[in-house]
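Student: What follows is a predicted protein model with its sequence.
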Amino acid sequence: GDDVHELAATAKTADALIDELAKQGKVHDALRLRAHLLPKRQAVWWGCLCVREDVDEPLPAAQVAAMEAAEDWVREPDEEHRRIAEKRSEEAKYSGVGATLALSAFWSDGSIAPEGNQDVLADERLTSQGVAAALISAAYHGAPAKAPKRTEAFLAKGKDMANGKIPLPEKDGD
(Lines give C-alpha, C1' and ligand atoms only; values in the text may rest on other atoms or scores of the structure.)
Protein backbone atom coordinates (compact mmCIF):
# COMPACT_ATOMS: atom_id res chain seq x y z
CA GLY A 1 0.00 0.00 0.00
CA ASP A 2 0.89 3.67 -0.18
CA ASP A 3 1.73 3.78 3.52
CA VAL A 4 4.40 1.11 3.01
CA HIS A 5 5.82 2.97 0.01
CA GLU A 6 6.14 6.10 2.17
CA LEU A 7 8.02 4.14 4.82
CA ALA A 8 10.26 2.58 2.17
CA ALA A 9 11.16 5.99 0.78
CA THR A 10 12.55 7.10 4.15
CA ALA A 11 14.07 3.84 5.46
CA LYS A 12 17.85 3.78 5.57
CA THR A 13 18.10 -0.03 5.24
CA ALA A 14 15.91 -2.99 4.45
CA ASP A 15 16.25 -4.18 8.05
CA ALA A 16 15.10 -0.77 9.29
CA LEU A 17 12.07 -0.90 7.01
CA ILE A 18 11.18 -4.43 8.11
CA ASP A 19 11.57 -3.44 11.77
CA GLU A 20 9.37 -0.37 11.27
CA LEU A 21 6.70 -2.39 9.48
CA ALA A 22 6.64 -4.87 12.36
CA LYS A 23 6.57 -2.05 14.93
CA GLN A 24 3.52 -0.57 13.17
CA GLY A 25 1.76 -3.94 13.23
CA LYS A 26 2.27 -4.59 9.52
CA VAL A 27 3.88 -7.95 10.22
CA HIS A 28 2.54 -9.61 7.08
CA ASP A 29 4.16 -6.89 4.98
CA ALA A 30 7.37 -7.35 6.98
CA LEU A 31 7.34 -11.11 6.33
CA ARG A 32 6.64 -10.59 2.63
CA LEU A 33 9.46 -8.08 2.29
CA ARG A 34 11.97 -10.29 4.12
CA ALA A 35 11.04 -13.26 1.93
CA HIS A 36 11.39 -11.12 -1.19
CA LEU A 37 14.82 -9.82 -0.20
CA LEU A 38 16.32 -13.21 0.61
CA PRO A 39 17.74 -15.36 -2.20
CA LYS A 40 15.36 -18.21 -3.01
CA ARG A 41 17.23 -21.01 -1.23
CA GLN A 42 17.64 -18.89 1.89
CA ALA A 43 13.99 -17.90 1.81
CA VAL A 44 12.82 -21.51 1.64
CA TRP A 45 15.31 -22.54 4.34
CA TRP A 46 14.13 -19.65 6.53
CA GLY A 47 10.53 -20.81 6.14
CA CYS A 48 11.39 -24.40 6.99
CA LEU A 49 13.45 -23.41 10.05
CA CYS A 50 10.69 -21.17 11.35
CA VAL A 51 8.13 -23.95 11.11
CA ARG A 52 10.46 -26.53 12.68
CA GLU A 53 11.73 -24.32 15.50
CA ASP A 54 8.97 -21.84 16.27
CA VAL A 55 5.70 -23.69 15.65
CA ASP A 56 5.00 -26.03 18.53
CA GLU A 57 1.83 -27.52 17.08
CA PRO A 58 2.47 -30.65 14.97
CA LEU A 59 1.80 -30.58 11.24
CA PRO A 60 -0.07 -33.45 9.55
CA ALA A 61 2.18 -36.15 8.06
CA ALA A 62 1.64 -35.02 4.45
CA GLN A 63 2.68 -31.49 5.41
CA VAL A 64 5.82 -32.75 7.15
CA ALA A 65 6.73 -34.84 4.10
CA ALA A 66 6.26 -31.81 1.84
CA MET A 67 8.36 -29.60 4.10
CA GLU A 68 11.08 -32.25 4.20
CA ALA A 69 11.10 -32.24 0.40
CA ALA A 70 11.59 -28.46 0.49
CA GLU A 71 14.48 -28.94 2.92
CA ASP A 72 16.01 -31.60 0.66
CA TRP A 73 15.83 -29.14 -2.25
CA VAL A 74 17.61 -26.51 -0.15
CA ARG A 75 20.38 -29.02 0.59
CA GLU A 76 20.63 -30.04 -3.06
CA PRO A 77 18.81 -27.61 -5.37
CA ASP A 78 18.69 -29.74 -8.49
CA GLU A 79 15.86 -30.68 -10.84
CA GLU A 80 15.22 -34.03 -9.14
CA HIS A 81 14.70 -32.47 -5.72
CA ARG A 82 12.65 -29.65 -7.20
CA ARG A 83 10.27 -32.13 -8.85
CA ILE A 84 10.06 -34.23 -5.67
CA ALA A 85 9.02 -31.07 -3.81
CA GLU A 86 6.28 -30.57 -6.40
CA LYS A 87 5.09 -34.17 -5.93
CA ARG A 88 5.01 -33.89 -2.13
CA SER A 89 3.01 -30.69 -2.42
CA GLU A 90 0.56 -32.45 -4.72
CA GLU A 91 0.26 -35.30 -2.21
CA ALA A 92 -0.62 -32.67 0.41
CA LYS A 93 -3.31 -31.38 -1.97
CA TYR A 94 -1.32 -28.17 -2.64
CA SER A 95 -2.58 -26.81 0.65
CA GLY A 96 -1.01 -26.14 4.02
CA VAL A 97 2.26 -24.88 5.42
CA GLY A 98 4.47 -27.77 4.25
CA ALA A 99 2.88 -27.94 0.81
CA THR A 100 3.37 -24.22 0.32
CA LEU A 101 7.05 -24.44 1.29
CA ALA A 102 7.48 -27.35 -1.14
CA LEU A 103 5.79 -25.33 -3.89
CA SER A 104 8.09 -22.42 -3.06
CA ALA A 105 11.07 -24.68 -3.76
CA PHE A 106 9.43 -25.96 -6.95
CA TRP A 107 8.74 -22.42 -8.18
CA SER A 108 12.39 -21.40 -7.64
CA ASP A 109 13.77 -22.30 -11.06
CA GLY A 110 13.08 -24.28 -14.19
CA SER A 111 9.77 -25.08 -15.78
CA ILE A 112 6.58 -25.39 -13.77
CA ALA A 113 4.86 -27.26 -16.60
CA PRO A 114 4.45 -31.02 -16.24
CA GLU A 115 7.52 -32.89 -17.39
CA GLY A 116 7.58 -33.49 -21.12
CA ASN A 117 5.56 -30.37 -21.93
CA GLN A 118 6.76 -27.06 -23.29
CA ASP A 119 8.59 -25.08 -20.61
CA VAL A 120 6.65 -22.54 -18.57
CA LEU A 121 8.78 -20.42 -16.28
CA ALA A 122 7.46 -19.30 -12.92
CA ASP A 123 7.20 -15.64 -12.06
CA GLU A 124 10.35 -14.61 -10.16
CA ARG A 125 8.24 -13.55 -7.17
CA LEU A 126 6.46 -16.87 -6.61
CA THR A 127 9.06 -18.38 -4.30
CA SER A 128 9.08 -15.41 -1.94
CA GLN A 129 5.30 -15.10 -2.07
CA GLY A 130 4.95 -18.77 -1.23
CA VAL A 131 7.37 -18.58 1.68
CA ALA A 132 5.59 -15.53 3.09
CA ALA A 133 2.20 -17.24 2.72
CA ALA A 134 3.51 -20.35 4.47
CA LEU A 135 4.86 -18.27 7.36
CA ILE A 136 1.68 -16.25 7.74
CA SER A 137 -0.28 -19.51 7.87
CA ALA A 138 2.27 -21.11 10.23
CA ALA A 139 1.99 -18.17 12.64
CA TYR A 140 -1.67 -19.05 13.21
CA HIS A 141 -1.30 -22.84 13.04
CA GLY A 142 -3.03 -24.63 15.89
CA ALA A 143 -3.04 -21.73 18.33
CA PRO A 144 -3.89 -18.36 16.76
CA ALA A 145 -3.15 -16.56 20.04
CA LYS A 146 0.53 -17.45 19.54
CA ALA A 147 0.71 -15.67 16.17
CA PRO A 148 2.29 -12.42 17.42
CA LYS A 149 5.07 -14.23 19.30
CA ARG A 150 5.69 -16.61 16.40
CA THR A 151 5.79 -13.79 13.87
CA GLU A 152 8.31 -11.95 16.03
CA ALA A 153 10.47 -15.10 16.12
CA PHE A 154 10.10 -15.55 12.34
CA LEU A 155 11.24 -11.99 11.68
CA ALA A 156 14.23 -12.33 14.03
CA LYS A 157 15.25 -15.54 12.28
CA GLY A 158 14.83 -13.86 8.89
CA LYS A 159 17.10 -11.01 9.95
CA ASP A 160 19.71 -13.53 11.12
CA MET A 161 19.38 -15.37 7.81
CA ALA A 162 19.87 -12.14 5.86
CA ASN A 163 22.89 -11.18 7.97
CA GLY A 164 24.60 -14.54 7.46
CA LYS A 165 24.15 -15.74 11.04
CA ILE A 166 22.15 -18.75 9.85
CA PRO A 167 23.93 -20.68 7.12
CA LEU A 168 22.38 -22.87 4.49
CA PRO A 169 22.67 -26.57 5.33
CA GLU A 170 25.35 -28.75 3.84
CA LYS A 171 24.42 -31.35 1.26
CA ASP A 172 23.47 -34.70 2.78
CA GLY A 173 26.61 -36.76 3.21
CA ASP A 174 28.97 -33.74 3.19
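Tutor: Received, thanks. Numbers count the residues shown, from 1 in each chain.

Student: how far away is M67 from A147?
Tutor: Separation of M67 from A147 (C-beta to C-beta, to the nearest Å): 19 Å. Any C-beta I mention is one placed from the backbone N, CA and C, and that applies to glycine too.

Student: More neighbours: which of those two?
Tutor: M67 (30 against 15; other C-beta atoms under 10 Å).

Student: check contacts around the more buried one.
Tutor: Counting by C-beta atoms under 8 Å, 6 or more residues apart in numbering, M67 makes contact with C48, V51, R52, L59, V97, G98, L101, A102.

Student: Residues contacting the helix or strand containing the first one, please?
Tutor: Assigned by DSSP states H and E, C48 belongs to helix 40-54. Applying C-beta under 8 Å, 6+ apart, the set of residues contacting helix 40-54 from outside is 34-35, 38, 59, 67, 70-71, 73-74, 77, 97-98, 101, 104-105, 108-109, 127-128, 131, 134-135, 138, 150, 153-154, 157-158, 161-162, 166, 168-169.

Student: K171 contacts V74, doesn't it?
Tutor: No: look at K171 against V74 with C-beta atoms under 8 Å: they stay out of range, at 9.9 Å.

Student: Those two - which one has more neighbours?
Tutor: Ranked by neighbour count (other C-beta under 10 Å), K171 and V74 place V74 first, with 26 against 11.

Student: For the protein, which residue occupies the most central location?
Tutor: With the centre of the chain defined as its mean C-alpha position, the nearest residue by C-alpha atoms, centre = their mean is V131, 2.3 Å away.

Student: which SSE is that residue in?
Tutor: Assigned by DSSP H and E, V131 belongs to helix 126-140.

Student: Check which residues of stretch 77-90 are buried.
Tutor: Along stretch 77-90, these residues count as buried under the neighbour rule (16 or more other C-beta atoms under 10 Å): P77, H81, R82, R83, I84, A85, E86, R88, S89.

Student: okay, the residues you listed in TSV with secondary structure, pLDDT and distance to K26 next?
Tutor: TSV is the format used below for the buried residues of stretch 77-90 (DSSP: H, G, I helix; E, B strand; the rest coil; pLDDT from 0 to 100; distance: C-beta to C-beta, whole Å):
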residue	secondary structure	pLDDT	distance to K26
P77	coil	97	31
H81	helix	98	34
R82	helix	97	32
R83	helix	97	36
I84	helix	98	35
A85	helix	98	30
E86	helix	97	32
R88	helix	98	32
S89	helix	98	28
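
Student: TSV for these, including distance to D19?
Tutor: Putting the buried residues of stretch 77-90 into TSV (distance: C-beta to C-beta, whole Å) gives the following:
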residue	distance to D19
P77	30
H81	34
R82	33
R83	38
I84	36
A85	31
E86	35
R88	34
S89	32
